[in-house]
Structure formats: C-alpha cells, structure tokens
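In: Okay, predicted coordinates and the sequence, questions at the end:
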Amino acid sequence: MGNIAVVGSTMIDMVTFTHNIPQGGQTVSGEKFLLGFGGKGANQAVMIGRFGQPIYLVNALGNDVFGDSYLSQLALENINTKYVARVEKPSGVASIWVEPDGQNRIIIAPGANNELTIEYAVSAIENIPDLVAVVGQFEIPQKVTAAAFADFGAAMKDPATRLIAVEHISVNVIAVVLATIVNAKNKKNIADAAKHKNALIFNGIGLLLILSRIPWSRLFA
C-alpha cells in the first residue's frame, strides 16, 4: 500500500458555546468551552489514517505548547509527522462561537500555517516514498498547495512511477468491482450456463486489465 500526503493546515480549535453573542464592547458569559485539534488538512489526514491508509502530513507548527500538543495528537492518530516543520510563529488557532441552534462564527489565525514554504512542501513530496496521492485544501497559502500538486503531477509523467502509484491500483480496483458485479448477478435465479457465461465475461475482462498493466518488457529484458 502506497503513501498519501496531505499538504495542509493544523488549527487548535477554541470552542465556546453561548446563548448570547457579544455586541461591540460587550462581555458575556458562555455555557461551555472546549479545546480541540482541527484544521482542514489535519482533519483530512486523520480521516484517511483511520481507514488504515499510511499518511503523511506536510505542515508547519509553532514552537509553542499548542505545537507540542498537536504533534503528540498526530502521533496518537498514527500520522507520519516527518514533514511537519516547527517555526518561530504561533501555531494556528480557530476561535469558534457556537449558538444553541448550532449556528457558529469562526475566526482563524493561521499563524505557523502561513510559514509553510513552496520549497519545503515540494521537497516533502519528492522524498515521501511510494507516494500515490496528494491531498490539499484552502487553509495554507495556495501557491504552496499548487506547487505540491505540480510536483506530484510531474512525477506522474514517469511511466514507472505512474504504473506503481496509479495504474496498478486502478486496474485492481476495477477487477474487484467486476468480480463483485458478476457475483451479484449470479446470485439471481438463472440457469447455470448463464452463470458460467457471466463469470467468463466479467472475470475475463478483469484478468485482461490486470495482465495489461504488467511490465512484460521488464520481466523478459
């Protein structure tokens, strides 16, 4: 199984639940406060990782208590943090006000997220082994996200890399889908001859797809 890289944000979520939103110059009391780990990039990485997929996060955290806490949390989620930089800026935070009906108001201070550079992100993409996909979003500088995608796109022009990262996986997924379809069709009350015909057609197509992506020239070179 190859690796996936998320090039994206981390945010410490500071969530206050309140019945009263303050007006200008006003102070009000809230009902509850929660501190959590968020950021669209980190959320994507956690979701992907919980499916058992090896995942790297490419990000920047501050050299502060929030950065320390976030690294510990990422480790608990089995996210590879080799390419999470530490910088002399505060870690990103999101101040979130939540009303009783669920309506929220959010102010983010990206902080260290904005210190992630094109050079650092591209270097990460070039050095993560067996990289099969890059995921991004809109909470870090877009020039960094674009550069990461561009570098991965350039790598996909190499036939060997494309075969391992995309084509091999894709044809195997299609073959599994075809096998699932024929299995479902053959559960119906149809004649045995029809079942054999379905199996021959669908499984035959799947086999041909798999065989088509084997690098025969390398095997017999």
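Out: Looks like it arrived, so ask away.

In: which strands and helices sit next to the lengthiest helix in the chain?
Out: Ranked by residue count, the top helix of the chain under DSSP state H comes out as helix 192-212. Judged by 3 or more CB pairs under 8 Å, 6 or more residues apart in numbering; DSSP states H and E, the packing partners of helix 192-212 are helix 168-186. Where C-beta positions appear, they are placed from N, C-alpha and C, glycine not excepted.

In: and stretch 189-209, average pLDDT?
Out: Regarding stretch 189-209, the rounded mean pLDDT is 81.

In: In terms of pLDDT, where does the nearest residue to Ile118 once chain neighbours are set aside sit?
Out: Counting by CB to CB, 6 or more residues apart in numbering, Ile118 lies nearest to Ala147, which is 4.3 Å off, once chain neighbours are set aside. For Ala147, the pLDDT comes out at 91.

In: And Gly136, by the same measure?
Out: 90.

In: So what's the residue count around it?
Out: By other CB atoms under 10 Å, 22 other residues sit near Gly136.

In: What of Lys188?
Out: Neighbours around Lys188, by other CB under 10 Å: 9.

In: go on, Asn104?
Out: Per other CB under 10 Å, the neighbour tally for Asn104 reads 12.

In: looking at it, it is touching Ile96, isn't it?
Out: Yes: contact criterion CB atoms under 8 Å: Asn104 and Ile96 qualify, at 5.7 Å.

In: tell me the contacts of the closest residue to Phe149 other than its chain neighbours?
Out: Closest residue to Phe149 apart from its sequence neighbours, by CB to CB, 6+ apart: Val134 at 5.9 Å. Counting by CB atoms under 8 Å, 6 or more residues apart in numbering, Val134 makes contact with 4-7, 125, 148-149, 152.

In: and Val134, what element?
Out: strand 131-135 (DSSP states H and E).

In: The helix or strand that comes right after that strand - contacts with which helices or strands?
Out: Using DSSP H and E, the helix or strand that directly follows strand 131-135 along the chain is helix 142-155. In terms of contacts (3+ CB pairs under 8 Å, 6+ apart), helix 142-155 is packed against strand 3-7, helix 118-127, strand 131-135.

In: The residue nearest to Ile118 and Ile140, how far apart?
Out: From Ala147 across to Ile140, the span is 11 Å (CB to CB, to the nearest Å).

In: what's the answer for Lys195, then?
Out: For Lys195, the distance to Ile140 - CB to CB - is 53 Å.

In: same deal with Gln73?
Out: From Gln73 over to Ile140 the distance is 19 Å, taken as CB to CB.

In: now stretch 105-116: how far from the chain's centre is it?
Out: Stretch 105-116 sits 19 Å away from the centroid of its parent chain (CA atoms, centre = their mean, to the nearest Å).

In: Quote the end-to-end distance of it.
Out: Counting by CA to CA, to the nearest Å, you get 26 Å between the two ends of stretch 105-116.

In: Need the mean per-residue confidence for it.
Out: The model assigns stretch 105-116 a mean pLDDT of 96.

In: what does stretch 18-26 give?
Out: For stretch 18-26, mean pLDDT is 93.

In: mind checking the end-to-end distance for that stretch?
Out: Counting by CA to CA, you get 14 Å between the two ends of stretch 18-26.

In: Below-threshold pLDDT in the chain: ranges please.
Out: For the chain, the stretches with pLDDT under 70 are 153-171, 213-221.

In: Between Lys195 and Ile140, which has more neighbouring residues?
Out: More crowded of Lys195 and Ile140, by other CB under 10 Å: Ile140, with 28 against 15.
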